[in-house]
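J.: Need coordinates for the below:
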Amino acid sequence: MAEMTVTHREKLMNDLKVVITDAEELLKMTASEVGEKAAALRTRMQMRLDQAKADLARLQEITVVKAKEVGQATDTYVRENPWQAVGIAAGAGFLIGLLVSRR
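T.: Numbering: from 1, shown residues only. Below you'll find the model as predicted:
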């Protein structure tokens with residue numbers, strides 16, 4: 001699987017949370033429905049919701065681990081190359097300043 005960016009992961013997590021919330025609400029609304037098909041549908045939906053919640057928790061854990069790794073790698077780089085880090089930060093600040101001043 002291709003690597004997901006942090007923003008894609010966060011969007012996916014937010015979308016998944018909305019879907020889970022909506023599905024739980026739907027389950028509550030249809031709780032009064034009776035019949036074999038309705039019960040089977042609720043059971044399947046509940047199983048899928050449980051799986052989606054587990055997937056979401058796993059995705060959140062992966063995101064936290066990756067963010068920590070990036071933070072540690074950045075810290076290591078800055079400690080090993082302080083002047084390069086200062087130069088990169090100054091260059092980025094300059095570019096952002098140019099972009100903001102054009103508006």
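J.: any idea which helix or strand carries Gly87?
T.: helix 82-101 (DSSP states H and E).
J.: who's in contact with that helix?
T.: 77-78 (C-beta atoms under 8 Å, 6 or more residues apart in numbering). (C-beta placed from N, C-alpha, C; glycine too.)
J.: give the contact list for Val70.
T.: Counted by C-beta under 8 Å, 6+ apart, Val70 has zero contacts.
J.: just Ile62 next, same as before
T.: Ile62 touches Arg9, counting by C-beta under 8 Å, 6+ apart.
J.: now stretch 41-50: how far from the chain's centre is it?
T.: Once both centres are worked out by C-alpha atoms, centre = their mean, to the nearest Å, stretch 41-50 turns out to sit 23 Å from its chain's centre.
J.: Would you mind measuring from Ala67 to Leu12?
T.: 15 Å (C-beta to C-beta, to the nearest Å).
J.: Of those two, which one has the most company?
T.: Leu12 (15 against 12; other C-beta atoms under 10 Å).
J.: Surely that one is in contact with Leu59?
T.: Yes - using C-beta atoms under 8 Å, Leu12 is in contact with Leu59, at 6.8 Å.
J.: How far away from the center of its chain is the helix holding Gly87?
T.: Worked out by C-alpha atoms, centre = their mean, helix 82-101 lies 28 Å from the chain centre.
J.: Please apply the same query to stretch 53-72.
T.: For stretch 53-72 - counting by C-alpha atoms, centre = their mean - the centre lies 8 Å from the chain centre.
J.: pull the CA atoms of that stretch into CSV?
T.: In CSV, the C-alpha atoms belonging to stretch 53-72 read as follows (Å, rounded to 0.1, in the frame of the first residue of the first chain):
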residue,chain,number,x,y,z
LYS,A,53,-14.0,1.3,15.0
ALA,A,54,-11.1,-1.1,15.3
ASP,A,55,-9.7,0.1,11.9
LEU,A,56,-10.0,3.7,13.1
ALA,A,57,-8.2,3.0,16.3
ARG,A,58,-5.4,1.2,14.4
LEU,A,59,-5.1,4.1,12.0
GLN,A,60,-4.9,6.6,14.8
GLU,A,61,-2.1,4.5,16.4
ILE,A,62,-0.2,4.4,13.2
THR,A,63,-0.6,8.2,12.7
VAL,A,64,0.7,8.8,16.2
VAL,A,65,3.7,6.5,15.7
LYS,A,66,4.6,8.1,12.4
ALA,A,67,4.3,11.6,13.8
LYS,A,68,6.6,10.6,16.6
GLU,A,69,9.1,9.1,14.1
VAL,A,70,9.0,12.3,12.0
GLY,A,71,9.5,14.4,15.1
GLN,A,72,12.5,12.3,16.3
